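Participant: generate coordinates for the sequence data below:
(2 chains)
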Amino acid sequence: NAGVTQTPKFRILKIGQSMTLQCTQDMNHNYMYWYRQDPGMGLKLIYYSVGAGITDKGEVPNGYNVSRSTTEDFPLRLELAAPSQTSVYFCASSYPTRDRARGSTDTQYFGPGTRLTVL
Amino acid sequence: QKEVEQNSGPLSVPEGAIASLNCTYSDRGSQSFFWYRQYSGKSPELIMSIYSNGDKEDGRFTAQLNKASQYVSLLIRDSQPSDSATYLCAANQAGTALIFGKGTTLSVSS
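Facilitator: Residues are numbered from 1 along each chain as shown, chains lettered A, B, ... in the order given. Next comes the predicted model:
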């Protein structure tokens, strides 16, 4: 299994340009997430999806859009890039389960990240 | 607002010592707790998960959870220079996004 893959690894955009960050997972996970990480900070949730056709906003959704047409893919779209969107973007996936001994469990697996700079 | 708090560090320990990393969380509904290790420029890598009160050991790593105090810790025994990284504490309820702390930077000197 490749796990969670992301493309591109790096990208430089000009203000106002648009782009799509790709994310694919081959673990048949139903849940997928997009996070951003600014220097010295933890990860902030942008959008998430609990299954194909279902998406919802996270903590910092402004300036982004997502779609989930298949279980495997969860692209993140930036329509009008702004310098504030300079960050490292991580995609993650998980398969929440209920275990009689431990209760609900949900381990998230991360892709390698996309480093985006907006100038 | 749901929060996870960590000291940013840096935490410096000599090689072979025990490193102790701590974290508190605000959401009493949190069910799952995770420690991720992140090397500079890399993605977070899961090293420990814990769901029940008490200790969980895995090799040189021990996670401790105290739900009454809303406190999670990670002990790294026999610290190695390769353990130098940022350690992210995270919590969630199943099927929801992780809430991350800002991370604690650990430096292990040889």
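
Participant: for chain A, which segments count as strands?
Facilitator: Using DSSP state E, the strands of chain A run over A:4-7, A:10-13, A:19-25, A:31-37, A:43-51, A:54-57, A:64-66, A:76-78, A:87-94, A:97-99, A:103-105, A:109-110, A:114-118.

Participant: and those strands, which one is worst for confidence?
Facilitator: Among those, strand A:103-105 carries the lowest mean pLDDT, a mean of 58.

Participant: ok, now which ones touch the residue nearest the centre of chain A?
Facilitator: When Cα atoms, centre = their mean is applied to chain A, the residue found nearest the centroid is A:Trp34 (2.0 Å). Contacts for A:Trp34 (Cβ atoms under 8 Å, 6 or more residues apart in numbering or on different chains) come out as A:21, A:23, A:45-48, A:58, A:64, A:66, A:74, A:76, A:89-92. Yep, even glycine has a C-beta here, placed from its N, CA and C like the rest.

Participant: could you rerun that using 7 Å?
Facilitator: A:Trp34 sits next to A:46-47, A:66, A:76, A:89, A:91 when contact means Cβ atoms under 7 Å, 6 or more residues apart in numbering or on different chains.

Participant: hang on, B:Phe34 packs against B:Leu88?
Facilitator: No. Using Cβ atoms under 7 Å as the test, B:Phe34 is too far from B:Leu88 to be in contact (8.1 Å).

Participant: show me which of the two is the more surrounded one.
Facilitator: When B:Phe34 and B:Leu88 are compared for neighbours, B:Leu88 comes out ahead with 27 against 23, by other Cβ atoms under 10 Å in any protein chain shown.

Participant: surely that one is in a helix?
Facilitator: No. Counting by DSSP: H, G, I helix; E, B strand; the rest coil, B:Leu88 falls outside a helix, being strand.

Participant: is it true that A:Val118 touches A:Tyr89?
Facilitator: No. Judged on Cβ under 7 Å, A:Val118 makes no contact with A:Tyr89 at a distance of 11.9 Å.

Participant: count residues in the vicinity of A:Val2, would you?
Facilitator: Actually, residue A:2 is Ala. It isn't Val. Using other Cβ under 10 Å: A:Ala2 sits among 9 other residues.

Participant: brain fart, A:Gly58
Facilitator: Neighbours of A:Gly58 under the rule other Cβ under 10 Å: 18.

Participant: who touches it in this structure?
Facilitator: A:45-48, B:97.

Participant: is the residue nearest to it when sequence neighbours are not counted in a bridge, and if so with what?
Facilitator: Spatially, and ignoring its direct neighbours in sequence, A:Gly58 is nearest to A:Leu45 (3.1 Å; Cβ to Cβ, 6 or more residues apart in numbering or on different chains). Counting by DSSP bridges, A:Leu45 is bridged to A:Tyr35.

Participant: quick one on the thing from earlier: need the contacts of A:Gly58 in JSON lines with distance to A:Leu13 and neighbour count, can you?
Facilitator: Shown next, in JSON lines, are the contacts of A:Gly58 (distance: Cβ to Cβ, whole Å; neighbours: other Cβ atoms under 10 Å in any protein chain shown):
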{"residue": "A:Leu45", "distance to A:Leu13": "22", "neighbour count": "21"}
{"residue": "A:Ile46", "distance to A:Leu13": "16", "neighbour count": "25"}
{"residue": "A:Tyr47", "distance to A:Leu13": "19", "neighbour count": "24"}
{"residue": "A:Tyr48", "distance to A:Leu13": "24", "neighbour count": "24"}
{"residue": "B:Ala97", "distance to A:Leu13": "26", "neighbour count": "26"}
